[in-house]
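>>> Need coordinates for the below:
(2 chains)
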Amino acid sequence: MDLALPRLSPDTEPLDERDRALVRAVQGGLPLVPRPYAAVAAAAGMSEAEVISRLRRLAERGVIRRLGVVVRHRELGYTANAMVVWDVPDDRVAKLGRCLAAYPFVTLCYRRPRRPPAWPYNLFCMIHGRSREGVLAQVDQLVRECGLDALPRAVLFSRRRFKQRGAWYGGDARDAG
Amino acid sequence: MLDETDRAIINGAQGGFPVCERPYAELAARLGLDEAELLERLQRLLDDGVLDRFGPLYRAEAMGGTVTLAAMAVPAERFDEVARFVNGYPEVAHNYRRDHDLNMWFVVASDRPRRVKQVLAAIEAATGLKVYNMPRRREFHLGLRLEA
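Alright, predicted model coming up:
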């Protein structure tokens, strides 16, 4: 998978006010009732049919990239969370990024800008594992199989999670959710 | 403890939730459960903290907004104070302490195009610490799927 990021362009329309109200109303989670969109509709001041058609449209536009369970990975036993980063020559980033992303234990993989001298790395991936030893063994496997041994790297385990929430979208009417 | 059915729900409901009048009934059928049992189990997984929520993950760029990863080198004695200040912004998500000179890593996202830069500038101004802004240039993999 190798997707260009959507860019702000004429077809990336900003949300209208009713979309924003809906984005706010569902971001904290859907109600666990047989007709959740009817419950959302009451809170957002629209009909169930409008909620359904607007959510479908938001999913088609890619505003909603997925809808379902959002897990708390530490509570699932994924206590070793590592951001693994490399300083890769610019002309090799695409090939190496695709190589890393092909491994099932790599859950995110991005190219980002370097910020020298504090930060020389430009290829980032995340590995969530059940132990640090397991994650380090997976890093060794990536290094070996993608041919990364000559490249500077760092493995940043998380020590503490301060906040794991979705960011807040749709403006300031926080009580609307 | 999670049983096999809980695991099937977590693994099978990370995406593709139907948008129709009775979505839980449809999802339940897909998982071989009935609607009432699915709702009851989802509620328990939420109450137990295994799930953060049952809902959408948004893509800020598709709303005309932006999302970025930011990092700071925070002196140990100021870490909690700075973390409280940073986390006070509703636009900030996923703040982690990591083992590096750059020891605070957080995601900032907004549907408003200029808001992320405003938040980063406000954090720099209030803390006196440099904020390194590292937006995605390219994405090689989508979604965070963890098997339960």
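
>>> tally of neighbours for residue 17?
You didn't say which chain, so I picked chain A. 9 (other Cβ atoms under 10 Å in any protein chain shown). For glycine as for every other residue, the C-beta is placed from the backbone atoms N, C-alpha and C.

>>> That was the other one, I meant chain B.
23.

>>> Could I get the contacting residues of it?
Applying Cβ atoms under 8 Å, 6 or more residues apart in numbering or on different chains to residue B:17 gives the contacts A:67, A:68, B:23, B:27.

>>> Show me the one in the residues you listed that has more neighbours than the rest.
When neighbours are counted by other Cβ under 10 Å, residue A:67 leads the contacts of residue B:17 with 24 neighbours.

>>> so it makes contact with residue A:59?
Yes: contact criterion Cβ atoms under 8 Å: residue A:67 and residue A:59 qualify, at 7.0 Å.

>>> Switch the contacts of residue B:17 over to JSON lines; also include pLDDT and distance to residue A:48.
Shown next, in JSON lines, are the contacts of residue B:17 (pLDDT from 0 to 100; distance: Cβ to Cβ, whole Å):
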{"residue": "A:67", "pLDDT": "93", "distance to residue A:48": "16"}
{"residue": "A:68", "pLDDT": "93", "distance to residue A:48": "20"}
{"residue": "B:23", "pLDDT": "96", "distance to residue A:48": "12"}
{"residue": "B:27", "pLDDT": "95", "distance to residue A:48": "18"}
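
>>> Keep only those of those that are in strands.
Residues of these located in strands (DSSP state E): A:67, A:68.

>>> Mind telling me which residue is nearest the centre of chain A?
Centroid check for chain A by Cα atoms, centre = their mean gives residue A:108 as the closest residue, at 7.3 Å.

>>> Report the contact partners of residue B:129.
B:72, B:73, B:74, B:82, B:123.

>>> and with 6 Å instead?
Shown in contact with residue B:129 (Cβ atoms under 6 Å, 6 or more residues apart in numbering or on different chains): residue B:72.

>>> secondary structure class for it?
When classified by DSSP: H, G, I helix; E, B strand; the rest coil, residue B:129 comes out as coil.

>>> domain assignment for chain A?
A:17-69, A:74-157 (automatic domain parsing).

>>> Look at residue A:163 and report its pLDDT.
pLDDT for residue A:163: 63.

>>> What of residue B:144?
For residue B:144, pLDDT reads 48.

>>> Then the one 4 residues further on?
Residue B:148 is assigned a pLDDT of 57 by the prediction.

>>> repeat for residue A:70
89.

>>> and it, what does it touch?
Here residue A:70 is in contact with B:52, B:53 (Cβ under 6 Å, 6+ apart).

>>> quick one: which helix or strand includes it?
Assigned by DSSP states H and E, residue A:70 belongs to strand A:64-71.

>>> can you give me the strands for chain A?
Taking DSSP E as the criterion, chain A carries its strands at A:64-71, A:80-86, A:106-111, A:123-129, A:153-163.

>>> Which among these is found nearest to residue B:40?
strand A:64-71 (14.6 Å; Cβ to Cβ).

>>> Could you pull out the helices in chain A for me?
Ranges of helices in chain A, per DSSP state H, are A:17-27, A:36-44, A:48-60, A:93-101, A:132-146.

>>> Take those and lay them out in TSV including mean pLDDT and distance to chain B.
Listed next are the helices of chain A as TSV, based on pLDDT from 0 to 100; distance: least, Cβ to the nearest Cβ, whole Å:
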stretch	mean pLDDT	distance to chain B
helix A:17-27	93	6
helix A:36-44	94	7
helix A:48-60	96	5
helix A:93-101	94	4
helix A:132-146	97	11
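
>>> out of those, nearest to residue B:140?
Comparing the helices of chain A by Cβ to Cβ, helix A:93-101 comes nearest, at 3.9 Å.

>>> about what we covered before: list the single closest residue to the residue nearest to the centre of chain A in space, sequence neighbours excluded.
Of all residues not flanking residue A:108 in the chain, residue A:126 sits nearest, at 4.3 Å (Cβ to Cβ, 6 or more residues apart in numbering or on different chains).

>>> burial count for that neighbour?
Applying other Cβ under 10 Å, we find 17 residues neighbouring residue A:126.

>>> Just list the residues touching it, thanks.
Going by Cβ under 6 Å, 6+ apart, residue A:126 touches A:83, A:107, A:108.

>>> Reformat these as JSON lines; add distance to residue A:99.
Formatted as JSON lines, those follow (distance: Cβ to Cβ, whole Å):
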{"residue": "A:83", "distance to residue A:99": "18"}
{"residue": "A:107", "distance to residue A:99": "15"}
{"residue": "A:108", "distance to residue A:99": "15"}
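
>>> Show me what the residue nearest to residue A:108 is bridged to.
Here residue A:126 sits in beta bridges with residue A:83, residue A:108, going by DSSP bridges.

>>> Good, we can wrap up now.
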